[in-house]
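In: below is the sequence, then the predicted model.
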Amino acid sequence: MKKNLLIDRFLLIITAIILVGVFATAAWTAEGSRGSKKSINVRGQPTFGSPTATVQVIVFEEFLCHECRYYQHEVFPKLKENYLDTGKIQYIFIPLAYHQGSKNPFLAAWCINKYYPELYFDFLDFLSTYSIGDLAKKTTMELLMHFNQHHPHTNLTKLRNCVVSKRPNKQIALNLEIASDAMDDDVAVPAVFVNGEKLPNHRYKEVSEAIDRALEKQGGQ
């Protein structure tokens, strides 16, 4: 009987040690994942908000991505109202073009941002008036000419010269390289980073909570 009690106690101690190890490993993994930060090259990317903001939000999107449309319509307007327009964050948009047909909207958007950055979000909204299938078929100049009908002060000659130049075409490969580095070669969009930390999803609740945590940590809320 005494021997059985000793065995039972021994097994309980071993079980407790194993459970403590499991929970400690899980906690370390969660903290390590949550604390994993990336240094992302944002030079030349569409950038908005306060340059002195202590919280930086970086978003990777693809123009022919269905979930990116959801993010642009349902999530971004709330972020803009609550955080960007209030000067709490700096918001950086890194566009990608790896789907067939997405090169032309990428080039058009890049050139709009170069010469008319104040119209960049208007241009994104304009692109979303096309179905993804129709957008994939449009030439770059068709998009810019149509946009010019709503914003006639945009200079089509200047934009056309931009489109055919080498820089925006090189930017396509560069942005994909930046995304691959940030996401460890597993690129999936939309992808949201808050102060270099990749969020598990792009829903407003998770993004806003991550921003609030970062603001609180920086003492800026």
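Out: Everything's here; your move.
In: can you tell me how far the closest residue to residue 139 other than its chain neighbours is from residue 50?
Out: Distances taken as CB to CB, 6 or more residues apart in numbering place residue 104 nearest to residue 139, at 5.8 Å, with adjacent residues excluded. Where you see a C-beta, it was placed from the backbone N, CA and C, and this is true even at glycine. Separation of residue 104 from residue 50 (CB to CB, to the nearest Å): 32 Å.
In: again with residue 185
Out: Applying CB to CB, the value for residue 185 to residue 50 is 32 Å.
In: who has more neighbours, these two?
Out: Counted by other CB atoms under 10 Å, residue 185 and residue 50 do not tie: residue 50 has more neighbours, with 14 against 8.
In: helix, strand or coil for the residue positioned nearest the centre of the chain?
Out: Central residue of the chain (CA atoms, centre = their mean): residue 59, 1.7 Å from the mean position. Following DSSP: H, G, I helix; E, B strand; the rest coil, residue 59 is assigned to strand.
In: residues touching it, list them.
Out: 71, 76, 91-94, 190-193, 202 (CB atoms under 8 Å, 6 or more residues apart in numbering).
In: residue 151 against residue 122, yeah?
Out: Yes - the pair residue 151 and residue 122 qualifies as a contact (CB atoms under 8 Å) at a distance of 7.3 Å.
In: local confidence estimate at residue 11?
Out: Model confidence at residue 11, expressed as pLDDT, equals 46.
In: related to what we said a few turns ago, and of the contacts of residue 59, the nearest to residue 64?
Out: residue 190 (12.4 Å; CB to CB).
In: give the buried residues for stretch 90-108.
Out: Buried residues in stretch 90-108, counted by 16 or more other CB atoms under 10 Å: 90-98, 101-108.
In: that one: how far from the chain's middle?
Out: Chain-centre distance of stretch 90-108: 12 Å, with CA atoms, centre = their mean, to the nearest Å.
In: same thing with stretch 101-118?
Out: Distance, centroid of stretch 101-118 to centroid of chain: 17 Å (CA atoms, centre = their mean).
In: switch to numbering from 44
Out: Sounds good: first residue 44 from here, last item stretch 144-161.
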